[in-house]
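K.L.:
Give me coordinates for this.
(chains A and B)
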Amino acid sequence: MTSELKMSASDQNHAPESLHTPADNTTHFGYKTIDKDDKVSMVAGVFHSVAKQYDIMNDLMSFGVHRLWKRFTIDASGVRPGNKVLDLAGGTGDLTAKFSQLVGKQGNVVLADINSSMLNVGRDKLRDKGLVQNIDYVQANAQYLPFEDNTFDIVTIAFGLRNVTDKEMALRSIYRVLKPGGRLLVLEFSKPEHELVNKAYDFYSFNILPKMGELVAKDGESYQYLAESIRMHPDQETLKAMLDNAGFEQTTYKNLTGGVVALHKGYKF
Amino acid sequence: MSISSAKLSTKLLLPQTLAASLEALINKILALESANASFDKLANKTLTLMLAELGFGLSFTVVEPSAINHYKLLVTSLTEHADCTINTSLKTLRELKAEQQLTDLIKQDKLDLSGDIKIAQQFAHIVQQLDIDWQSELAHHIGDIPTHKLVQLAKNISAKVGFATTQIQADASEYIVHEQRLVVTKGQIEHFSHQVTEVAQQVSDLDVRVNHLFQSLNPPVN
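P.N.:
Here you go, the predicted structure:
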């Protein structure tokens, strides 16, 4: 079961080297190494806990910039009227809302999330906005997508991939459901380009962010996990290589806000 | 726009910031009762504006109304799909106040349009038709008397700023032209131009006389 690594307080901002290469049947949950089978339920616990305060916390934590990162993703997607879009780990539906308006009546957007609480919050939010005509909701694990081969023109996964237990498997699953000519866009926290930004970001993530979580969402631990999971997520080049290995072509990435976030893009041909 | 400024605008997320601000502002205006904008013929249509000064495009997509919403505009910097694309500059865009001007500006090579011109004309028509009673809208929020006072204050400030601007321009012109004599006056330029014209005329007369003298001294041999 869960085997927590012992770290001194000063070490807590830095991921130990050993954590980068877990054994085959283990994976990461923040800085902890756990059984692969346990990750889904542990991540689910985090998101069940924060679902209702998710949007407000996103605005607070990113000072609203997450909205611009998501707009950048939509602008990079090349979405057209009539397209079929899968918003994977779509959470509270920010991307789905825009995609739904851009694909029109002829198109379709599937908002998929493994977490029922997040899906419920997303569905309520979109319905309150009057967005009902072309959106389907599916509770799904990114590793085992319940869709036919070659179904979607675009798949996006925003701030979700780092929570997936087996990222390679998820990328292969996404590749399978994309149509030839379709593209995947991965918006995810990454490694800041400059050391100074990196240090300021570390301080913010490990000292301020959990306190904000404690204050607003009454759950500091989940936001400690958020900070740790960001550090454990593959950096820009590693994720690009993972996309290549999954079969994606013309893979590129763009750093946003100094590399705090990166948008990876890959095509299936 | 150079490649480095395009990269900078991407790094600073300028297209997204501008699109988000415009979208919020436009939809606030369209939601006003007095806006009365009709998008019936533009549902799901996209107009893309490529402005030379910006270095990136802005697309305006009309989103069909739902059960609880009016027509909305979605602003993005997606340029892959557009029903009509206009390449122009901000300066020309300001000139575009009437839909009839579209063809004039195309003829003058100030504006390049591809796609369905009717889309651009309908967008221009909506902008032209927008007649928002800002005083009435403000009165809904803060009441009639504060609105009246605020508008009077704004008019007074505007008149004073206008007077001050004219006065500063006149004083500056007086100082530069008459006191410092840094530039010449319009009258001086006209006088100089008149003198140049007179000299040109005298030179021309002299040229005629010289030619005449040459001809009289050396008569043509038959």
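K.L.:
per-domain residue ranges of chain B.
P.N.:
What automatic domain parsing lists as the domains of chain B is B:3-132, B:143-217.
K.L.:
ok so A:Val67 is a helix residue?
P.N.:
Just so we're on the same page, residue A:67 is Arg rather than Val. Yes: per DSSP: H, G, I helix; E, B strand; the rest coil, A:Arg67 lies within a helix segment.
K.L.:
wouldn't it be in contact with B:Ala20 here?
P.N.:
Yes: counting by Cβ atoms under 8 Å, B:Ala20 is a contact partner of A:Arg67 at 6.6 Å. Glycine gets a C-beta too; all of them are placed from N, C-alpha and C.
K.L.:
quick revisit: highest mean neighbour count out of the domains of chain B?
P.N.:
Per residue and on average, the most neighbours among these fall to domain B:3-132, with a mean of 16 (mean count of other Cβ atoms under 10 Å in any protein chain shown).
K.L.:
Might you quantify the distance of it from its chain's geometric centre?
P.N.:
What separates the centre of domain B:3-132 from the centre of its chain is 15 Å, taken as Cα atoms, centre = their mean, to the nearest Å.
K.L.:
How much space separates the residue positioned nearest the centre of chain A from A:Lys240?
P.N.:
By Cα atoms, centre = their mean, chain A has its centre lying nearest to A:Gly160, at 1.8 Å. Separation of A:Gly160 from A:Lys240 (Cβ to Cβ, to the nearest Å): 18 Å.
K.L.:
Kindly report the same for A:Ile56.
P.N.:
Counting by Cβ to Cβ, the gap from A:Ile56 to A:Lys240 is 33 Å.
K.L.:
neighbour count winner among those two?
P.N.:
Legend: neighbour count by other Cβ atoms under 10 Å in any protein chain shown for A:Ile56 and A:Lys240, higher for A:Lys240 (20 against 11).
K.L.:
I'd like the next helix or strand past the helix or strand harbouring B:Lys155.
P.N.:
Assigned by DSSP states H and E, B:Lys155 falls within helix B:144-174. Proceeding N to C from helix B:144-174, the next assigned helix or strand is helix B:186-217, under DSSP H and E.
K.L.:
Now that next one: average pLDDT?
P.N.:
On average, the pLDDT along helix B:186-217 is 93.
K.L.:
Let's verify the residue nearest the centre of chain B: helix, strand, or coil?
P.N.:
For chain B, the residue nearest the mean C-alpha position is B:Arg94 (2.8 Å; Cα atoms, centre = their mean). Three-state assignment for B:Arg94 (three-state DSSP): helix.
K.L.:
same deal with A:Asp87?
P.N.:
Classification of A:Asp87 by three-state DSSP places it in strand.
K.L.:
partners of it in the sheet?
P.N.:
A:Leu111, A:Thr156 (DSSP bridges).
K.L.:
Low-confidence regions, the stretch 51-200 of chain A specifically.
P.N.:
Across the stretch 51-200 of chain A, the ranges flagged by pLDDT under 70 are A:51-52.
K.L.:
Run a quick neighbour tally on the closest residue to A:Pro81 other than its chain neighbours.
P.N.:
Among residues not flanking A:Pro81 along the chain, A:Gly104 sits closest, at 4.3 Å (Cβ to Cβ, 6 or more residues apart in numbering or on different chains). A:Gly104 has 19 neighbouring residues, counting by other Cβ under 10 Å.
K.L.:
show me the contacts for A:Gly104.
P.N.:
Neighbouring residues of A:Gly104 by Cβ atoms under 8 Å, 6 or more residues apart in numbering or on different chains: A:Pro81, A:Gly82, A:Asn134, B:Asn44, B:Glu64.
K.L.:
Can you lay out those as CSV showing secondary structure?
P.N.:
As requested, these are exported to CSV (three-state DSSP):
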residue, secondary structure
A:Pro81, coil
A:Gly82, coil
A:Asn134, coil
B:Asn44, coil
B:Glu64, coil
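K.L.:
Nearest to A:Phe248 among those residues?
P.N.:
Proximity of the contacts of A:Gly104 to A:Phe248, judged by Cβ to Cβ, is greatest for A:Gly82, which lies at 23.2 Å.
K.L.:
Dump the helix or strand harbouring B:Leu25 to CSV, keeping only the CA atoms.
P.N.:
Assigned by DSSP H and E, B:Leu25 belongs to helix B:14-31. Output in CSV follows, covering the C-alpha atoms of helix B:14-31 (Å, rounded to 0.1, in the frame of the first residue of the first chain):
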residue,chain,number,x,y,z
LEU,B,14,-1.8,39.7,-25.6
PRO,B,15,-4.1,38.2,-28.2
GLN,B,16,-6.0,36.3,-25.5
THR,B,17,-6.1,39.3,-23.1
LEU,B,18,-7.4,41.6,-25.8
ALA,B,19,-9.9,39.0,-27.0
ALA,B,20,-11.2,38.4,-23.4
SER,B,21,-11.5,42.1,-22.7
LEU,B,22,-13.3,42.8,-26.0
GLU,B,23,-15.6,39.9,-25.6
ALA,B,24,-16.7,41.1,-22.1
LEU,B,25,-17.1,44.7,-23.2
ILE,B,26,-19.0,43.9,-26.4
ASN,B,27,-21.4,41.5,-24.7
LYS,B,28,-22.0,44.0,-21.9
ILE,B,29,-23.0,46.6,-24.6
LEU,B,30,-25.1,44.1,-26.5
ALA,B,31,-27.0,43.2,-23.3
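K.L.:
Sheet partners, orientation included, of the helix or strand just after it?
P.N.:
Per DSSP H and E, helix B:14-31 leads on to strand B:46-51 as the next helix or strand towards the C-terminus. The pairing partners recorded for strand B:46-51 under DSSP bridges are strand B:57-63 (antiparallel), strand B:84-88 (parallel).
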